[in-house]
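S.K.: Below: sequence and its predicted model.
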Amino acid sequence: GNSVTQMEGPVTLSEEAFLTINCTYTATGYPSLFWYVQYPGEGLQLLLKATKADDKGSNKGFEATYRKETTSFHLEKGSVQVSDSAVYFCALSVLSEKLTFGTGTRLTIIP
Amino acid sequence: DAGVIQSPRHEVTEMGQEVTLRCKPISGHDYLFWYRQTMMRGLELLIYFNNNVPIDDSGMPEDRFSAKMPNASFSTLKIQPSEPRDSAVYFCASSSTDRAGNTIYFGEGSWLTVV
């Protein structure tokens, strides 16, 4: 079956620190990979995605590269801001059907 | 362009009452998903539809839960009778299969509290 394993939280960083949230996956078939973000009291928003190996998704200073050889899709940002505090979900889908989510990583950025 | 629209945004109801959650997917999308989010279990897929037909309902907790999609622009998730353990955020989402790697777009969620 399909599964996503992501870094356990919570993660607390100071403003302007470098962020990495690890995500690895297993999938039957060739998955598309996603990072979603959920701000407090809100729904899930797509942050970035990649549909094939070596693709890099990027948005709002966040990046993630689809690594087929290591089955990973780690999320990175060079300099985090307080406004980045949220829960981040790694996810995959195969054949454009249902998303399989990781458990989520709560990120808190302190000024 | 309107996103996925859910109603109600918040509902508080008494145990035993019927709850109906509603969803309008993005126009032109042919997949619709219902997810539930709780602190204990995270995000769970309850059911999804393709072209208004239920494809996988294996995530529906029990017979108290039912979902319908009478047409391409409307779906309901019903809980009857409701119980306190049903308290959660229920998300509706939709996507289109017109190209690979399609994004699934989520609504703002319906925050349900059963007391």
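M.R.: Yep, that arrived.
S.K.: Please count neighbours and contacts with C-alpha atoms only from this point.
M.R.: Fine.
S.K.: And B:I26, how far from B:S75?
M.R.: Using C-alpha to C-alpha, to the nearest Å, B:I26 is found at 12 Å from B:S75.
S.K.: whoops, I mixed them up, B:K68
M.R.: 6 Å.
S.K.: Against which helices or strands is the helix or strand bottoming out on mean pLDDT in chain A packed?
M.R.: The least trusted helix or strand in chain A, going by mean pLDDT, DSSP states H and E, turns out to be strand A:100-101, with a mean of 90. For strand A:100-101, the elements it packs on are strand A:3-6, strand A:86-94, judged by 3 or more C-alpha pairs under 8 Å, 6 or more residues apart in numbering or on different chains; DSSP states H and E.
S.K.: Next SSE downstream of the lowest-mean-pLDDT helix or strand in chain B?
M.R.: Ranking every helix and strand in chain B by mean pLDDT, DSSP H and E puts strand B:105-106 at the bottom, with a mean of 90. Where DSSP states H and E defines the elements, the next helix or strand beyond strand B:105-106 is strand B:110-114.
S.K.: what distance separates that next one from the middle of the whole chain?
M.R.: 12 Å (C-alpha atoms, centre = their mean, to the nearest Å).
S.K.: can you check stretch A:35-42 too?
M.R.: With C-alpha atoms, centre = their mean, you get 11 Å for stretch A:35-42.
S.K.: And the contacts of it?
M.R.: With contacts defined as C-alpha atoms under 8 Å, 6 or more residues apart in numbering or on different chains, stretch A:35-42 is touched by A:44-49, A:75, A:85-91, B:108-109.
S.K.: Quick check: the gap between A:G1 and B:K24.
M.R.: A:G1 is 30 Å from B:K24, by C-alpha to C-alpha.
S.K.: Compare neighbour counts for the two and give me the winner.
M.R.: Between A:G1 and B:K24, B:K24 has the larger neighbour count (other C-alpha atoms under 10 Å in any protein chain shown), namely 23 against 6.
S.K.: ok, what's across the strand from the more buried one?
M.R.: Beta-bridge partners recorded for B:K24 (DSSP bridges): B:I5.
S.K.: quick one: contacts for the residue of chain B found nearest chain A?
M.R.: Chain B approaches chain A most closely through B:E108 (4.4 Å), counting by C-alpha to the nearest C-alpha. Shown in contact with B:E108 (C-alpha under 8 Å, 6+ apart): A:E42, A:G43, A:L44, B:V4, B:I5, B:Q6, B:R9, B:F91.
S.K.: Check those and tell me the two furthest apart.
M.R.: A:L44 and B:R9 (14.4 Å; C-alpha to C-alpha).
S.K.: Neighbour count: the two, which is higher?
M.R.: A:L44 (22 against 16).
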